[in-house]
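Visitor: need a 3D model of the sequence below.
(chains A, B, C, D and E)
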Amino acid sequence: MKFQEELKDSIRKALPDLDVVLGWCGSFDPLHATPHFIRREEDIDKLEISPLSVHNLATYLPGLRGKKVGIVVKGCDSRSVVELLQENLINREDITIFGFPCTGVVDQAKIKKALGHAGNVRTCDISDSAIVIQTEDKAHSLTLTQMLADKCRTCRYPDAIISDYFVGDKIGEPAPLETDYAALEAFESLSVPERFGYWLKELDRCIRCYACRSACPLCVCRDHCAAESRDPHWLSQENNVRDKVMFQVIHAYHMAGRCTECGECQRACPVDIPVLMLKQKMNREIRDIFQYEAGVDPEATPPLLSFNMEEENITEKEW
Amino acid sequence: MPVLKGKELRIVGFLCNWCSYGGADTAGVGRFNQPTDLRIIRVPCSGRIDPLFVVKALMNGADGVLVSGCHPRDCHYAEGNFYARRRLEIMQRFLPVLGYEAERFEYTWVSASEGQRWQQVVASFTDQIHKLGPAPKIIGPQAADTLNQMAAAL
Amino acid sequence: MNKPLNYAYYPGCSSTGTSLEYDMSSRAVCAALDINLTDVPDWSCCGSTPAHTVDHSLSSALSARNLDQVASMGLDSCVSPCPSCLANLKTAKHRMEDAGFRDKVNNLLDKPADTRVETKSVLQILVEDYGIENIRKKVVKPLTGLVVGAYYGCILNRPAELMQFDDLEHPMAMDNIMEALGATVVPFPLKVECCGASFGIPRKDVVMRLSGKLLDTAHGIGAMALVTACPLCQMNLDMRQNQINKANGSKHTMPIFYFTQLMGLALGLPEKELGIGKLCVSPRNVLDAIDANLKEKAA
Amino acid sequence: MKVININLSYNSDFVSQVEEESGQKLNLCYQCGKCTAGCPYTAEYDISVSQIMRLTQTGQKDKVLQSKSLWLCATCESCTARCPNKIDVARIMDVLRHMARREGYTGIRTVKTFWDSFLNSVRSNGRVFEVGLLANYISHTGRFWTDIGLGPKILPKGKIHFKPVEMKGKKEVTKIFMRFKQESAK
Amino acid sequence: MKIGVFVCHCGSNIEATVDTAAVAAASREFPDVVFATDTMYTCSEPGQDEIVAAIKEHNLGGVVVASCTPRMHEQTFRRTVERAGLNRYLFEMANIREHVSWIGKDRESNTNKSVDLVRMATEKLMRNRPLYSKKFDINKRVLVIGGGVAGIQAALDCADGGLEVVMVEKAPTIGGKMAKLDKTFPTVDCSSCILGPRMVDVAQHPNITLYAYSEIEEINGYVGNFEIKVKKKATYVDWDSCTGCGICMEKCPSKKATDTFNEGIGKTTAINIPFPQAIPKKAKIDPDFCTKIQKGKCGVCAKLCPSGCINYEMQDEFVTEKVGAIVTATGFDLFDWSIYGEYGAGRYPDVITSLQYERMLSASGPTGGHIKRPSDGKEPKNVVFIQCVGSRDKSVGRPYCSGFCCMYTAKQAILTKDHLPDSQSYVFYMDIRAIGKLYDEFTRRAMEEYDTKYIRGRVSMIYPQGDRLLVRGADTLMGAQVEVDADLVVLAVGAEAAAGAGELAEKLRISYDSYGFYMEGHPKLKPVETNTAGVYLAGACQGPKDIPSSVGQGSAAAAKVLGLFSKDQLESDPQVSVVDIKRCIGCGKCIQTCPFGAIKEMEFRGMAKADVIETICQGCGICTSTCPQGAVQLQHFTDNQILSEVNALCRF
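Guide: Residues are numbered from 1 along each chain as shown, chains lettered A, B, ... in the order given. Model prediction:
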């Protein structure tokens, strides 16, 4: 990336005052990146920014509370930071934010699907428009836009909303490739039994690993998650689909008005359950009723923590 | 005891102590006849009602859930029903994505003096649920029906 | 006026006969104010009182046929000068919102009727859509010195839920128009009392008593004339005024105008277009007095 | 005066039929008399409108349906407009009149004949043909002199036509009446 | 927990449509239930003794009573289990009367439903924990809102009982509606002779602080410790120095001000004292009519005032009072009858309200006690009274009976005859409601001795005919339409809730019915209490009332306050929220949503945590449903308790 060196310089400048800076670096193969904790000057060189920088590093912030932390953020990641600030879950003065203009990150599931069972990845070259992957048997050229994560195809915030250092030129407000919630709307047009059955079928394969929860930057209950608590005792520990669905509903409702749709829950799911859709549904309703979007204004009050005496967009049932 | 087969469906009500529970009492004192499906859980305030209770009830086999609190501005705790209104509205709009009709859940306001209104609310909500029929069940005796219905739909 | 006012026009049966002058003056006034009235092409009788005394579905069927005609004109609102027609058309629309009743009525018709059209009275559109202040601006010959009472009759705004027009007990629409035309309006206490309606033929005695009382009261408050908005009221008070005098031993010579006639005069339209000559009780003295007042004022 | 046995004379079918056809609840009436107080036709009635309400409430079918009052109500709706219990009294009067008609009560012959003549005129012409209506009325009542005195007064005004106005769809209107007759015969 | 279940027959109230023995039998199958029985009257002494005996015999840890609504007898049974040594919160009720037996007749469904409700109660009970109240200090002062006869009675009784009283009255003088009356029924004695001395007592009582021409701006706190913000509206006269001499009023050149005290009969001066016996007897300027305030010219009153107390720049002022209890005595207002177009809607000057007539009858009123037609000042001959104007009329949204109109109309008819022996009074009525000691005798006297013509029927229309009014009504007993030529028509206008009753209720956090009248705690057993502890009702704010009832309720409210203050400390309700410090992550969402400011942030081992202040927490549970962590739980209504109820009802 053009601004990668500039970013490294900024980090180098700030690092002396920080305990750690969160970024990304290469991983087990050329097709993957992994979170990178920069503690010393020499760690800086390993920093890599690319469409493989998929992780939302804001997830680590609440756990690092009390430390001086730098964090490199994509536009979407920055909304999680905003939300954490708004909810008093991190302290602004402890956080140094490095922003850059993000042109989208890949969806590894899409790539995996495109490659088929291709064996190990030897090289991976990413240009502005294509990803060329050399596997053991052949080279695959994939169109970048087709490999982008869904959230990038509808992205309206490519630049970090909040930052102390911003490198590169801001993109501003782009024209999204797709309208948001198209998939949700398609799902909503299904019949009631189809919708009900869908979740039973999808969540039937849930292994209750809670990766969705651990990846979520706003899941802050940590050791006291409703999923494993007996007081309150919302869920049993049994392997039944009812409690699996219920957990997803709890997650979605606890995210209502807070979720920034970073998609980490779904990305983290080892069995590819489309759990983001439930949060999107919440968000769309919140947007329709309250014209509210989470993670854009650190000073805003989330709609479920406030009220109006007269609610403009709520029509109560007449009996 | 299970619901009376063919006669009743399972309807759960969450009522605030000060207004709606009193309204239901007033309806009783006035001998305003009502369908027998509804079972009332008393809570201090509609603001105490976590919308997840509604989902929990449905997932555990309820066919309908009714929440009732004090009229806006008349909350015994000043603001509880204002919070409740936002949270319950969100949940009502959310339910369809799970595969429950939004009409399986309603929230409303009934004051302690409105016995007749309570009768009206119970009668029409019960009717509404009977029109929808039993909610899909995940586990239990009706789960087989649900699975058959799903198989037919998919 | 910003946007042109366009309405379908339903004249009603009496417009071709006993209330010819109401029809004439309504058309003339609307034309003068650039309000476009397009006749409902092949209108038929709304059923009036007799139909609803027989059966509500019959009554609504007769009205619905006309509403359907309006709908096929591509207009969404219709005006009628006659309150009885108005009440029937509106009632039919309202009752046919009930699916069961609607089926019953459609059963009587050649084809199911589209009854979504709104109907208003000529009076209502002049007051609400055109506006009193706009009328005031158009006055060229003020009715100075005319002391007039406004008589609305019983069904112009009843029932309130359906008609949605003016005060139920003390309507002011015509009072306000007359005031805008420069007349002196005396508050008529029996504005919404019944005149005897269609009992003129079968039970004349009733009309003599009820309309007689209206004339007595109008005379008592010093009105030179009454102004009306209903063909039946006007007919009972005007055409039968002699019969009333004979029956009650009174000596009224009170002109009974349609409000559109007086509007026309104030707008400077010729008497002939307004059917002034078709009134049974001659308004000559009253009109001459207005002219004299005008001259005096000019001098 | 006849003693009325309240339970034996109570015709519950009548009460429920009136309630169904009018959409009004008779028990709402608490006999304040405001309808009678405002009714312009009270002077002509044999039974005042509030008493019609009371008799209907108590299921006194024959007494109600044979009342002349039903035929003298002009539907001016004073009663409906002012009822403190929001009862549409005029509609009840209408419904009672329908029932009286169906049960063959003539009520006041001149009134019924006039209304029938009016509707006959509409049936055959699509609109009311005033002269035809009058002729029809006179032929049924023999009241030749009814409004003869008005002739000289209005003839010259051009308000009287001796031929009905022709309208295209008059057959449609006639068919409405025919279908209504068939429906009522069912 | 060993649980005992008691299923009450309530005589036949429950037993008639619920098989209570079957409910008890079914209950025995529930987990933890070791004893279940059905009893005739569980709340009776033998019924309660049976509970106590069972607790001891079966060593019960908790009790479920299936009977009436907990709003009726929860307190009763809590005391019962306490007598047997259990904590009062180890008790649950299943409401099988109001919510079951009284609303359905199907015995099978009702029995089945009752079993469900008992199951729910036992499941919750298993999760109940003993709770203990805390004691807190109280402020033994009382606020009386409204200085009508009910408020005066409550204030004087409290003050005589040794309490400090703060009275807030929104009008410039106390006295309320009663001060406007000429005479009272059924004794026909002079209203001001009865009320006047009581008003003076209020002014002179060392324990009473009076804020007249003041309103309640804000109420904070809770029983024992309310904090009241009072708005003293600007009077433009320094009341500390005003002596009520009245010179200002004599000389004020602006004589067209609305005379509120006299109900608009006549006009008054811009600076005025409402009436000679006003308490406080102080002048006040109506700024809408004062030439000095409106146009900057005049200033006559300031020049003439011997004590120099005029201040045209005066602003509203706010004072704060701390009290422990509140008596609400805000009274009623007259229905705005102008909705009745058929009565002229105010067009006809000789159609007046009963209260206007009262001012006309009063010797200290604007006509000096002479009955005169407002239109021409002539003495009327025929006076027509119309009852139930804005009462018992669904079409104007007032279906209720105002209660006292029949009586005052009879009184006014009698007084009319006394004032004008040649006059004739007519009363249009629907029913005569004279239920009180000597009341019916009184209305009979109006007819028998004073020859008042009572006509049974409503009036449909009033319209002018010549210089008289034609009243057209019905005499339903005759079955006829009737007309009366009237010189004066007096409308017996009904009572409605006082203007602003709803807003005040919101501040007091009490409920009101759909007409704005305040709801009593229980229609039979708690007629002066409200559902908010420490707030009591007196007089017509609770529903239309005549003078004796208002006075009675004023005394009753005072008795309640004196009872409340008979202890030095009150016990707090332990059904409050508690924070589980392990779960709390210090996000502060509960602090943000608590309507009472009962949750504060505190520091625990360097981390922010929420902390509930027990005496301020009112137990609404908004925090519990706000906290995603489930870290703050409302005691007695915890997530687990409610979930157990859900699980008991919805068994897949």
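
Visitor: quick one: buried residues of the helix or strand bottoming out on mean pLDDT in chain D?
Guide: One helix or strand of chain D scores below all others by mean pLDDT, DSSP states H and E: helix D:151-154, with a mean of 76. Within helix D:151-154, the residues scored as buried using 16 or more other C-beta atoms under 10 Å in any protein chain shown are D:Lys153, D:Ile154. In this view, the C-beta of every residue, glycine as well, is placed from N, C-alpha and C.

Visitor: and for stretch E:561-577?
Guide: E:Val561, E:Leu562, E:Leu564, E:Phe565, E:Leu570, E:Ser572, E:Asp573, E:Pro574, E:Gln575, E:Val576, E:Ser577.

Visitor: contact partners for the residue of the stretch 1-150 of chain A found nearest chain D?
Guide: Closest residue of the stretch 1-150 of chain A to chain D, C-beta to the nearest C-beta: A:Gln86 (52.9 Å). The neighbours of A:Gln86, taking C-beta atoms under 8 Å, 6 or more residues apart in numbering or on different chains as the test, are A:Gly295, A:Asp297, A:Pro298, A:Glu299, A:Ala300, A:Pro302.

Visitor: and the gap between the residue in the stretch 151-299 of chain C positioned nearest to chain B and chain D?
Guide: Closest to chain B within the stretch 151-299 of chain C is C:Glu161: 21.0 Å, counting by C-beta to the nearest C-beta. Look at C:Glu161 and chain D: by C-beta to the nearest C-beta, to the nearest Å, they are 9 Å apart.

Visitor: kindly report the same for C:Ser198.
Guide: Relative to chain D, and taking C-beta to the nearest C-beta, C:Ser198 is found at 7 Å.

Visitor: pretty sure that residue contacts D:Phe114?
Guide: Yes. Counting by C-beta atoms under 8 Å, D:Phe114 is a contact partner of C:Ser198 at 7.4 Å.

Visitor: common neighbours of those two, please.
Guide: By C-beta under 8 Å, 6+ apart, the residues touching both C:Ser198 and D:Phe114 are C:Pro50.

Visitor: off-centre distance for stretch A:178-185?
Guide: 17 Å (C-alpha atoms, centre = their mean, to the nearest Å).

Visitor: can you check stretch E:320-327 too?
Guide: For stretch E:320-327 - counting by C-alpha atoms, centre = their mean - the centre lies 17 Å from the chain centre.

Visitor: can it be found next to chain B?
Guide: No. Using C-beta under 8 Å from any C-beta of the partner chain, stretch E:320-327 never reaches chain B; the gap is at least 15.3 Å.

Visitor: show the end-to-end separation of that stretch, please.
Guide: In stretch E:320-327, first residue to last residue: 17 Å (C-alpha to C-alpha, to the nearest Å).

Visitor: return the set of buried residues in it.
Guide: Neighbour-count burial for stretch E:320-327, with 16+ other C-beta under 10 Å as criterion, is recorded at E:Glu321, E:Val323, E:Gly324, E:Ala325, E:Ile326, E:Val327.

Visitor: which SS class is the fifth one?
Guide: Under DSSP: H, G, I helix; E, B strand; the rest coil, the three-state class of E:Ile326 is strand.

Visitor: convert the C-alpha atoms of the helix or strand harbouring C:Lys213 to CSV, please.
Guide: According to DSSP states H and E, C:Lys213 maps onto helix C:204-220. Only the C-alpha atoms of helix C:204-220 are listed here, as CSV (Å, rounded to 0.1, in the frame of the first residue of the first chain):
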residue,chain,number,x,y,z
LYS,C,204,-98.9,20.1,3.5
ASP,C,205,-100.1,21.1,7.0
VAL,C,206,-96.7,20.1,8.4
VAL,C,207,-94.9,22.3,6.0
MET,C,208,-97.2,25.2,6.7
ARG,C,209,-96.5,24.9,10.4
LEU,C,210,-92.7,24.4,10.2
SER,C,211,-91.9,26.7,7.4
GLY,C,212,-94.4,29.2,8.8
LYS,C,213,-92.4,29.3,12.0
LEU,C,214,-89.2,29.9,10.0
LEU,C,215,-90.7,32.9,8.2
ASP,C,216,-92.2,34.3,11.4
THR,C,217,-88.8,34.1,13.1
ALA,C,218,-87.0,35.6,10.2
HIS,C,219,-89.5,38.5,10.2
GLY,C,220,-89.1,38.8,13.9
